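**Q** model the following, please.
(chains A and B)
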Amino acid sequence: MRLRLPSGRTLVLALPFLWLSLFFLAPFLIVAKIALSEAALGIPPYAPVLRWTDEGVLTVVLNLGNLATLFSDPFYFDAYLRSLRVAAISGLLCLVIGYPMAYAIARAPEHRRNLLLMLVVLPFWTSFLLRVMAWIGLLADNGVINNLLLAAGVISQPIQLLYTDFALYAGIVYCYLPFMVLPLYATLSKFDPVLIEAAADLGARPWRAFLTITLPLSLPGIIAGFMLVFIPAVGEFVIPELLGGPGAQLIGRVLWMEFFTNRDWPMAAALAMVLLLLLVIPIAWFQHMQGRASR
Amino acid sequence: MSRGMGRLALFLGVGYTFLYIPIALLVVLSFNDSRLITTWSGFSFRWYVALWNNERLIEAALLSLRIAAVAATGATVIGMAAGFALARFGAFRGRGLFGAMVAAPLVMPEVITGLSLLLLFVALAESIGWPSERGVTTVTIAHITFAAAYVAVVVQSRLADFDRSLEEAALDLGARPWKVFLLITLPLIAPALASGWLLAFTLSLDDLVIASFTSGPGASTLPMVIFSALRLGLTPELFALATVIIVVVSVGLLIALKLGRVASARVEG
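**A** Residues are numbered from 1 along each chain as shown, chains lettered A, B, ... in the order given. Next up, the predicted model:
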């Protein structure tokens, strides 16, 4: 008798499949479960969804109150809207700054490109928190920018830069820029400059050639870069917390507060669940583009 | 043409100025003798000495390095298997779900990943008694999970554009698949594995949000300590720490660039 051993193929697949099912997929089901349970005093601070009644009957106690609060309380609703807006504007700002950079790197002499790309990525490899700290040093009332402006006589007293929307956007764009430049560079460097020369030979002006050829061809890179900035930025916590003003109640910050300050785990889970539902479409789109790119 | 080149140089100049002014500021201020960022009172190494003597920061840094090394190794193993399956197994049942699980952590907001993993650990502790407490182990598991996605992408893209004829030749000559993998595929994707490992290491070292959710009392990672210090205000010791990190990373990347150039020169003959 021969035992059928699992093939190597199955083993290679099983390891990541089981790991991700347990530590990535299962947690979302638990989030959904706890979002539907009531807050309670105790550890952990929520009441079970499945309960035995006194007569010994298993009952399901669902609490839709958290979700109802999310939609009725303008505080939460505004936080979602504001997060989506801030993330979208940040994505566009990254595109405006990142596109010319990626374009210039892709057109640079070949032996320079690696160095230029490395210079884009280098800040990303250093500590994220310490880069945010640098912006505090630049923007604070007694920071570098205010000092320079005071010394130059442009202003007579410090202007508020830190804890404003300006600081929020500066921080997000600064930290997420590499995620925009890299996919843009990847698409722009593949493309054949002969197309542009052909357009020029046929009499197209550079601007028109850019709009009708370069831009459409780099669209996959634009979409990938935008998604890589937009999706994580929607849930960003650190930058609004350290650079944004008290009004910058973005959803990541609200969720953090519900969890760590108010200790309302079901509310935090409900916030996470709705955030995930909001992001399902962009994430699915991103994966669709990834799948197409890898084929 | 020269006008075009000038414009390209201008794009790069603006972009790199934006990227490097904050970094230059960190480096300059780390050598400032004064505690205030407003005044330059002379060149000094005193903040580096203070950093060296700051036990809380050093201890947290050592803990973070330990977690990052283990997490990066675990993420490389899992990410390599996932990337290999996605690049080589063609269509298999569950590929859609598998691909989604591998790629989703790349863009998932950290607060969601952190909260969902914490709730999983709590549920597990309640039902099977493990993990009995949250700390180094739970943070490491969390970091493996989100960093594996990055390794998978690096490995998958490396496998997607590489020549399979060597592997096919070995198989034709009768080598077993495992032997082919160990002797041919693995050495060829080794650079991708190395950069995947480094990426996972950096991501783990840098993570505040997921670690804050999944850690427990007594296990404060470096970003957690920096974050609580930052809430109280800027301290020059942190400028010194930033400068140390910047120097280490720059040297590392320069070496990688040089090695990469040597390797590609060798391949191209």
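**Q** and the residue nearest in space to the middle of chain A, which of the three is it?
**A** In chain A, the C-alpha nearest the mean C-alpha coordinate belongs to A:Pro232, at 1.3 Å (CA atoms, centre = their mean). Here A:Pro232 is recorded as helix under DSSP: H, G, I helix; E, B strand; the rest coil.
**Q** which parts of chain A are strands?
**A** Counting by DSSP state E, one finds strands in chain A at the ranges A:50-52, A:58-60.
**Q** any low-confidence regions in chain A?
**A** A:1-6, A:39-43, A:47-62, A:290-295 (pLDDT under 70).
**Q** would you mind finding the longest helix in it?
**A** helix A:74-107 (DSSP state H).
**Q** that helix and chain B, any residue contact?
**A** Yes: counting by CB under 8 Å from any CB of the partner chain, contacts between helix A:74-107 and chain B involve A:Ile97, A:Gly98, A:Pro100, A:Met101, A:Tyr103, A:Ala104, A:Ile105, A:Arg107. Placement of C-beta: from N, CA and C, glycine included.
**Q** for the stretch 151-269 of chain B, which residue gets nearest to chain A?
**A** B:Ala242 (3.9 Å; CB to the nearest CB).
**Q** from what I can see that residue touches A:Ala134, true?
**A** Yes: the pair B:Ala242 / A:Ala134 is scored as a contact, 7.4 Å apart, by CB atoms under 8 Å.
**Q** what residues are shared contacts of the two?
**A** B:Leu26 (CB atoms under 8 Å, 6 or more residues apart in numbering or on different chains).
**Q** neighbours around the closest residue to B:Pro109 other than its chain neighbours, how many?
**A** Leaving out its chain neighbours, the residue that sits closest to B:Pro109 by CB to CB, 6 or more residues apart in numbering or on different chains is A:Gly235, at 2.4 Å. The burial count assigned to A:Gly235 is 29, neighbours taken as other CB atoms under 10 Å in any protein chain shown.
**Q** I'd say A:Gly235 and B:Glu110 touch.
**A** Yes: using CB under 8 Å, A:Gly235 is in contact with B:Glu110, at 6.6 Å.
**Q** for the stretch 1-150 of chain B, what spans make up the helices?
**A** B:2-30, B:46-53, B:55-88, B:95-107, B:110-128, B:136-160 (DSSP state H, counting those that start in this stretch).
**Q** so which of these is the most surrounded?
**A** helix B:136-160 (a mean of 24; mean count of other CB atoms under 10 Å in any protein chain shown).
**Q** how far off helix B:95-107 does that one point, in degrees?
**A** Relative orientation of helix B:136-160 versus helix B:95-107 (axes from the mean of the first three to the mean of the last three CA atoms, to 10 degrees): 120 degrees.
**Q** is chain A contacted by helix B:136-160?
**A** Yes: Helix B:136-160 reaches chain A (CB under 8 Å from any CB) through B:Ile141, B:Ala142, B:Ile144, B:Thr145, B:Ala148, B:Ala152, B:Gln156, B:Ser157, B:Ala160.
**Q** which residues are in contact with the residue nearest to B:Pro109?
**A** Counting by CB under 8 Å, 6+ apart, the residues that A:Gly235 touches are A:Ser83, A:Ile251, A:Gly252, A:Leu255, A:Leu275, B:Pro109, B:Glu110, B:Val111, B:Ile112.
**Q** and B:Leu12, how far from A:Ala102?
**A** 10 Å (CB to CB, to the nearest Å).
**Q** oops, could you answer that again for A:Met267 instead?
**A** To A:Ala102, A:Met267 is 41 Å away according to CB to CB.
**Q** more neighbours, those two?
**A** A:Ala102 (30 against 25).
**Q** neighbours around B:Ala172, how many?
**A** Careful, residue B:172 is Asp; it's not Ala. B:Asp172 has 9 nearby residues by other CB under 10 Å.
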